[in-house]
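Colleague: give the three-dimensional model of this entry:
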Amino acid sequence: MKYLSKIANGKTWIALALLYTVFVISVMPSLSRSAESAGGPLDLLFSYPPELVFQKSDALGESGRRSLVWNSMVFDTIYPILYTALFVVSLKILIDRISMRRLWQIMVMLPPLFAFGFDLSENASIIAVIRAYPAEPILVAKSASLFTSLKWISVAVTFVLLTILSFVWLIQRWSARGSDQPDNPS
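Modeller: Numbers count the residues shown, from 1 in each chain. As a prediction, the model looks like this:
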């Protein structure tokens, strides 16, 4: 946490936000277009039945499956790294501005790390299903959907934590500003 406190600052946040934005604007649209032939990417859904994974794998064709595996291994690894870093730095900046016990600090950092782990597990599961084609490993496809759902739950919890911590920081800042005012005797 000490190292994170050193690097979690406005400059790091701006750099991460810019990298994230550039990635989302320049890379993500082309990845989405390449998955359109199969009806769009699975990882944007909250959950899905195994049959949908198999249908999408079939609809991609051989070159589409190869392309999706490569894209998943490269870009679907970079993207979780970017959003996790942005989440963690954002949370740490807020934590450093409010008083919070160390145990709570660690607990607040867990949801984005869980999202990262679930996202990578989701990607690995989808890649395993695609590589197994034409076989249809039901358990792996169900695991992919479970990891996708857990990822989105973790991301939602992270947004809730960011919102709560932002409100706590604003309230503390506002109340501190009010206490700095000298009393005005009537």
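Colleague: which residues in this structure form helices?
Modeller: Along the chain, the segments classed as helices by DSSP state H run 2-7, 10-26, 28-36, 50-97, 102-132, 138-180.
Colleague: pLDDT wise, what is residue 81 at?
Modeller: Residue 81 is assigned a predicted lDDT (pLDDT) of 97.
Colleague: how much space between the nearest residue to it once chain neighbours are set aside and residue 125?
Modeller: Leaving aside its sequence neighbours, residue 81 sits nearest to residue 116 (C-beta to C-beta, 6 or more residues apart in numbering; 7.5 Å). C-betas here are computed from N, CA, C, even on glycine. Relative to residue 125, residue 116 is positioned 15 Å away (C-beta to C-beta, to the nearest Å).
Colleague: neighbour count: those two, which is higher?
Modeller: Set residue 116 next to residue 125 and count neighbours by other C-beta atoms under 10 Å: residue 125 wins out with 23 against 20.
Colleague: please tell me I have it right and the more buried one contacts residue 144.
Modeller: Yes. Using C-beta atoms under 8 Å, residue 125 is in contact with residue 144, at 3.6 Å.
Colleague: not counting its neighbours along the chain, what's nearest residue 143?
Modeller: Closest to residue 143 by C-beta to C-beta, 6+ apart is residue 125, at 4.8 Å.
Colleague: just how off-centre is stretch 114-127 within its chain?
Modeller: 11 Å (C-alpha atoms, centre = their mean, to the nearest Å).
Colleague: for this protein, what are the low-confidence residue spans?
Modeller: Applying pLDDT under 70 to the chain flags the ranges 1, 34-38, 178-186.
Colleague: center of it, which residue is that?
Modeller: Centrality entry for the chain: nearest residue to the mean C-alpha point is residue 83, 4.9 Å, by C-alpha atoms, centre = their mean.
Colleague: what about the residue lying closest to it once chain neighbours are set aside, how many neighbours?
Modeller: Nearest residue to residue 83, sequence neighbours excluded (C-beta to C-beta, 6+ apart): residue 20, at 6.5 Å. Using other C-beta under 10 Å, residue 20 has 15 neighbouring residues.
Colleague: same question, the one 3 residues further on
Modeller: Close neighbours of residue 23, defined as other C-beta under 10 Å, add up to 16.
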